[in-house]
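Undergrad: The amino acid sequence is not available; the structure is as follows:
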């Protein structure tokens, strides 16, 4: 049975299959999308003010999925 994480990683191009050390199912668009999402997550987690700005924008567009993001961690 497939692990949920393996299915998700395969669907986004993060997990690939290879034959003779050559990838046989590349998905560069998915890899590029994950890189963009990661950069945005890093940007918004840099300071509480950026986090607040993102939440304000999410409220304006009534985005439901932002509520599942881990809030800024103030490690001071």
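TA: Received the coordinates, thanks. From a predicted model like this one, the values you see are computed outputs, not experimental measurements.

Undergrad: Please count neighbours and contacts with C-alpha atoms only from this point.
TA: Noted.

Undergrad: could you pull out the helices for this structure?
TA: 4-12, 28-44, 48-60 (DSSP state H).

Undergrad: Please render the ones you listed as TSV that adds distance to residue 20 and mean pLDDT to the earlier fields.
TA: As requested, the helices of the chain are exported to TSV (distance: least, C-alpha to C-alpha, whole Å; pLDDT from 0 to 100):
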stretch	distance to residue 20	mean pLDDT
helix 4-12	19	77
helix 28-44	20	86
helix 48-60	45	85
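
Undergrad: Now distance to residue 21 and mean neighbour count too, for these, in TSV please.
TA: Output for those, formatted as TSV (distance: least, C-alpha to C-alpha, whole Å; neighbours: other C-alpha atoms under 10 Å):
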stretch	distance to residue 21	mean neighbour count
helix 4-12	17	13
helix 28-44	17	13
helix 48-60	41	13
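
Undergrad: between those helices, which gets nearest to residue 18?
TA: Set against residue 18 and scored by C-alpha to C-alpha, these come closest in helix 4-12, at 12.4 Å.

Undergrad: what's in contact with that closest one?
TA: For helix 4-12, the surrounding residues in contact (C-alpha atoms under 8 Å, 6 or more residues apart in numbering) are 15-16, 27, 30-31, 34.

Undergrad: cool, stretch 30-41 as well?
TA: Residues contacting stretch 30-41 (C-alpha under 8 Å, 6+ apart): 11-14.

Undergrad: Tabulate the helices of the chain (TSV), appending distance to residue 22.
TA: Putting the helices of the chain into TSV (distance: least, C-alpha to C-alpha, whole Å) gives the following:
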stretch	distance to residue 22
helix 4-12	16
helix 28-44	14
helix 48-60	40
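
Undergrad: So which of the contacts of helix 4-12 is the closest to residue 61?
TA: When the contacts of helix 4-12 are compared against residue 61 (criterion: C-alpha to C-alpha), the nearest one is residue 34, at 22.4 Å.
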